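Chemist: Following is a predicted model, sequence given first.
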Amino acid sequence: MTRPVLILTLAVLTSSPLLADAPARHRGDFLLMLDAVLSGSQMGPGDGWFKPGETRYTWDRLRARFDADKNGRVTAKEFTGPEELFTVLDRDGDGAITADDLDWADDSLYARQLNLAQQVLRRGDQNGNRKLTKEEWLGLFERAAKGQDALDAEGVRKILFPPAPPRPPFAKSGGGPPREVLVLGLFTGELGSAAEGPKLEAPAPDFTLKTPEGKSIALADYNGKKPIVLIFGSFT
């Protein structure tokens, strides 16, 4: 696509509010992202192709295998797998695996709780190792208490919900890049590839890559011989 044609395409797309509403029929990842950008999204979690990954290891699959009494809870007695795995799957520690334990959506209860815990950890983590030592925890308390021997509810609130940092200058004018810049980046591939990735249960396409040492490695050389983990995408 030449630059004049691309500019004309962008002008038509960004000037038509009707295209901001996604139709009911199926649309691929590229069109989903285009819909989101034209609707004013800044490409946050859940927008466009930024959605939770699909998996065959779902709650319905686990419930069908282990929920013997069909009550929507898989107890340790019903679960026939390793005890360590049950402990991991029972995220809330209530003694049973439920649908909520396997909900990985960004707005799930677990995700919201973890986000809050990470905020507190970042405030107290002095050496950047993503852990809180006893000394760092006490330091967080001392900074919040400001010489007092105890914290009331307001003091705890300030630890959990500190004041927001100053917004950068560009944020005062409405947020991130303009819609036209995002659409241009989408068409030029700067926001990600328009090619559809492998679907759930579909075999991974064979490929050959070069190592930093110049050695060629093909997926076919390992397929069927040992477990392989493939990550498709960019996380830069």
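Modeler: Perfect, I can see it now. Model, not experiment: these values are computed from the prediction.

Chemist: What's the local residue count around the closest residue to residue 130 other than its chain neighbours?
Modeler: Spatial nearest neighbour of residue 130, excluding adjacent residues (CB to CB, 6 or more residues apart in numbering): residue 121 at 6.8 Å. From N, CA and C alone the C-beta is placed, and that goes for glycine too. Around residue 121 there are 15 other residues, counting by other CB atoms under 10 Å.

Chemist: Quick one: classify residue 121 as helix, strand or coil.
Modeler: Following DSSP: H, G, I helix; E, B strand; the rest coil, residue 121 is assigned to helix.

Chemist: could you pull out the strands for this structure?
Modeler: 74-75, 96-97, 208-210, 216-218 (DSSP state E).

Chemist: before we move on, the earlier item: surely the residue nearest to residue 130 and residue 136 touch.
Modeler: No - because the distance of 9.1 Å does not satisfy CB atoms under 8 Å, residue 121 is recorded as not touching residue 136.

Chemist: Kindly state the domain boundaries assigned to this structure.
Modeler: 3-52+171-188, 59-102 (automatic domain parsing).

Chemist: which of the ones you listed has the lowest average pLDDT?
Modeler: Mean pLDDT values for the domains of the chain show the minimum at domain 3-52+171-188, a mean of 69.

Chemist: show me the contacts for residue 127.
Modeler: Residues in contact with residue 127 (CB atoms under 8 Å, 6 or more residues apart in numbering) are residue 136.

Chemist: From residue 139, how far out is it?
Modeler: Separation of residue 127 from residue 139 (CB to CB, to the nearest Å): 11 Å.

Chemist: just residue 42 next, same as before
Modeler: According to CB to CB, residue 42 stands 35 Å off from residue 139.

Chemist: Same question for residue 72.
Modeler: Following CB to CB, the distance that separates residue 72 from residue 139 is 43 Å.

Chemist: And residue 114, by the same measure?
Modeler: Applying CB to CB, the value for residue 114 to residue 139 is 22 Å.

Chemist: Mind checking which of these two has more residues around it?
Modeler: residue 139 (15 against 12).
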